[in-house]
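A.B. asks: Structure of the sequence below:
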Amino acid sequence: MNIFKLVLIALYALTFSFNAIGGEETKHSHNLPDDLSQGKVKLIFFDALCPMPQFPGCEEYLSNVNSEVSSEFPKTFMVFNTLYVDKASIKTFVSKHNIKIPIIIDGDMALHDHFEVYATPYLIELNESQVLWRGNPLIRKESAMETSHES
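C.D. replies: Residues are numbered from 1 along each chain as shown. Model prediction:
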């Protein structure tokens, strides 16, 4: 088993999530290697303090976040930390914005720290052995739109 997979096993053991649909907490753990064996995984790091000046574009991105789930990325999760908000605030945020993507509450910042995520929104796409893409999804969207206009 490669080191990437071992680190992800350890990280996922530290996290739990609640299912965003209906806001009902299910408190189940995910096993990232199992998720990855079923296809690529997308982690969307987000902050429940959106909208704020520190998070430019977060409202625009949030309005389309449910469309991030695709056949290429059947396992898509939104990752929230609890530095400035509690779990109840995150649940309220998820309900208010009608988020359908499963949520991971990264209370001890293990995923944020491992993937060196210091700003939101932030997107990481990975497969069983590596990170495929990482960065601000708004910048990626803008560059994709510029490329399609050039064609």
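A.B. asks: Only C-alpha atoms from now on, for both contacts and neighbour counts.
C.D. replies: Will do.
A.B. asks: now the strands: where do they sit in the protein?
C.D. replies: Ranges of strands in the chain, per DSSP state E, are 16-18, 41-45, 75-80, 103-105, 122-126, 131-135.
A.B. asks: what lines up beside the fourth one in the sheet?
C.D. replies: Read it as strand 103-105. Next to strand 103-105 in the sheet, as set by DSSP bridges, lie strand 16-18 (antiparallel), strand 75-80 (parallel).
A.B. asks: quick one, the longest one and strand 122-126 angle?
C.D. replies: Using axes from the mean of the first three to the mean of the last three C-alpha atoms, to 10 degrees, one finds that strand 75-80 and strand 122-126 are set 150 degrees apart in direction.
A.B. asks: which stretch in the strands of the chain has the least confidence?
C.D. replies: Comparing mean pLDDT across the strands of the chain, the weakest is strand 16-18, with a mean of 45.
A.B. asks: residues of stretch 110-126 that come out buried?
C.D. replies: 110, 111, 112, 117, 120, 121, 122, 123, 124, 125, 126 (16 or more other C-alpha atoms under 10 Å).
A.B. asks: can you give me the helices in this structure?
C.D. replies: 3-13, 32-37, 58-63, 87-96, 110-114, 137-150 (DSSP state H).
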